[in-house]
Structure formats: C-alpha cells, structure tokens
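Novice: Need coordinates for the following:
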Amino acid sequence: MDALSLVGIVIALLAVIGGNLLEGGHLSSLLNLPAFMIVLGGTTGAIILQHSASVLKRGLAQVRWVLFPPRMDYEQGTQLVIGWSVTARKEGLLGLEQVSEKETDPFCRKGLQLLVDGAEAEAIRYILELELGSREQLEVQGAKVFDAMGGYAPTLGILGAVLGLIHVMGNLSDPSKLGPGIATAFVATIYGVAFANLIFFPIANKIKSIVHQQTHYREMLIEGIVAIAEGENPKTIEMRLQSFSAR
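Specialist: The predicted model follows:
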C-alpha cells in the first residue's frame with residue numbers, strides 16, 4: 001500500500017472538516033443529499049457521455065493505483081535483463097526461447113521473442129518503442145477520465161447553487177423552505193470544488209505519474225534487450241542500465 005497517498009487523503013479531509021469546525025460550523029452543515037446528487041450525479045453522467053466504455057473501464061481499474069500502485073523494481077529489472085544476457089552468451093539467442101515462453105509480462109515476452117527471431121538491434125528498438133508509445137497512450141487515458149471529472153465538478157457545483165437559489169426565490173413566502181434551499185446552494189459549490197481539487201485532479205495526476213514511471217521502466221528494458229542483441233557482455237549491460245535506477 002502507498003501509505004503516503006493515504007496520509008494525503010486523511011490530511012485533506014481533516015483540513016476541510018477541521019477548518020469548518022474551527023469556524024463554528026457543524027459537520028451536519030456539510031451533508032446535503034440534493035447537492036451531492038447534483039454534483040456527483042451530473043459529473044458521472046457527463047463523463048459517461050464523453051468517454052467510451054473501454055476508457056471508463058480502464059480509468060476505474062486504475063483507481064486502485066492510488067493506494068496500491070504497480071511495483072517497479074529497477075534493481076530487480078536490471079538483474080532480470082542480466083540473466084537474459086548470461087543465457088544468451090552461454091546458449092545463444094535461441095536459448096532465450098524457453099525464457100520467453102515462461103515470461104508473464106507481454107512487453108518482455110515480445111522483446112525476448114524478437115531476440116529469438118534474430119531481429120536486428122535497431123529493428124528491435126523501433127518495434128518496442130512503438131509498443132511502448134501505444135501502451136503509454138492507452139494507459140494515460142484513465143487519467144483523462146478524472147481530469148474531465150475535475151473540470152465538470154465545479155461547474156456542476158455552480159449549477160447546484162443556481163438551482164438552490166431558484167428554489168429559495170420560489171419560496172420567499174414560506175420561511176421554512178428558505179434554509180434548505182440556501183444550504184443546497186452553498187454546499188453544492190463546496191462539493192464541486194472539493195471533489196475536483198481533493199479527489200479527481202489528484203487521482204488523475206497520480207495515474208499520470210505512475211504511467212510515466214512504467215514508461216521509464218520499460219525504456220530500461222528496451223535498452224537491455226537492444227544491448228543483448230548487440231552482443232554486449234553482462235557487466236557492460238548492467239552499467240548501462242544503472243543510469244535508469246539513478247533517476
């Protein structure tokens with residue numbers, strides 16, 4: 001678990017709730033079901049309209065990265081490549097065929113298969129970089145879902161405020177209905193701004209950061225695979241890949 005993300009969530013919530021209490025407010029004043037429905041329901045509807053089902057599914061699947069990000073161990077990745085290099089030097093590139101069949105990562109498996117097929121180093125680099133760019137473009141789409149939610153939420157908050165004020169203006173003759181209408185107007189604005197800046201935008205930026213880390217890790221793998229194709233010895237390859245982990 002990414003404990004730092006959890007700490008950030010807790011601090012953000014405590015800051016808002018604590019600040020409200022210090023000003024003499026009550027927690028109940030921040031709870032308003034109509035405002036919640038307008039902001040979250042409207043935002044959800046807007047992103048469903050904007051994005052395809054596959055993009056929405058990818059975005060929802062990536063939410064877990066906030067607390068449980070995929071592990072990228074550069075040292076372990078370097079040793080993995082070194083192991084491939086040693087096998088290639090001892091048994092030839094064809095010796096990597098069994099390694100390729102056991103590899104669970106599709107990206108690594110594709111690189112190993114290119115080595116086994118005897119592809120030239122530049123061809124391997126070109127093919128894997130195309131694969132890398134395609135993967136990065138697909139994976140970053142999940143972040144765009146939450147970027148869009150962060151853009152829509154404040155606007156829906158304003159819409160909720162306007163609806164609340166309309167309700168108030170329509171019931172000026174009935175003082176008992178003024179309070180709920182005004183509450184909806186102000187709380188909807190709070191929900192819109194809070195959801196955007198405390199939840200949606202941070203999630204989007206977190207996903208982007210992880211995707212960029214994954215890209216950097218795979219760039220290291222590409223360098224290692226190309227180095228094996230060029231016939232470099234394991235020690236040289238290790239020194240070549242250490243610059244990636246120093247980032």
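Novice: So the residue nearest the centre of the chain, which state does it fall into?
Specialist: Nearest residue to the geometric centre of the chain (C-alpha atoms, centre = their mean): Ile207, 1.6 Å. The assignment at Ile207 comes out as helix when based on DSSP: H, G, I helix; E, B strand; the rest coil.
Novice: who's in contact with it?
Specialist: Ile207 makes contacts with 59, 62, 65-66, 140, 142-143, 146, as judged by C-beta atoms under 8 Å, 6 or more residues apart in numbering. For the C-beta atoms, the positions are set from N, CA and C on the backbone; glycine is no exception.
Novice: Let's have those in TSV, adding pLDDT, secondary structure and distance to Lys235.
Specialist: Listed next are the contacts of Ile207 as TSV, based on pLDDT from 0 to 100; DSSP: H, G, I helix; E, B strand; the rest coil; distance: C-beta to C-beta, whole Å:
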residue	pLDDT	secondary structure	distance to Lys235
Gly59	91	helix	43
Gln62	92	helix	38
Trp65	91	helix	35
Val66	88	helix	39
Val140	92	coil	36
Gly142	89	helix	39
Ala143	93	helix	39
Phe146	95	helix	44
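Novice: which of those sit farthest apart?
Specialist: The largest separation in the contacts of Ile207, counting by C-beta to C-beta, is between Val66 and Val140 at 15.4 Å.
Novice: Show the pLDDT at Arg89.
Specialist: Listed pLDDT for Arg89 reads 89.
Novice: Sort out which residues of the helix or strand in which it is found are buried, please.
Specialist: When secondary structure is defined by DSSP states H and E, Arg89 falls within helix 74-91. Buried residues in helix 74-91, counted by 16 or more other C-beta atoms under 10 Å: 74, 77-78, 80-82, 84-85, 87-88.
Novice: Could you check how many residues crowd around the closest residue to His51 other than its chain neighbours?
Specialist: The shortest distance from His51 to any non-neighbouring residue, by C-beta to C-beta, 6 or more residues apart in numbering, is to Val145 (5.9 Å). Using other C-beta atoms under 10 Å, the number of residues around Val145 comes to 25.
Novice: Quick one: low-confidence residue ranges for the protein.
Specialist: Along the chain, the parts satisfying pLDDT under 70 run over 171-181, 183-184, 246-247.
Novice: Secondary structure element for the closest residue to Phe201 other than its chain neighbours, which one?
Specialist: Once flanking residues are discounted, Phe201 sits nearest to Gly150: 4.2 Å by C-beta to C-beta, 6+ apart. Using DSSP H and E, Gly150 sits in helix 141-169.
Novice: Name the SS class of Pro69, please.
Specialist: Classification of Pro69 using three-state DSSP returns coil.
Novice: distance between the helix holding Arg89 and the chain's centre?
Specialist: 30 Å (C-alpha atoms, centre = their mean, to the nearest Å).
Novice: Same check on stretch 231-247?
Specialist: 29 Å.
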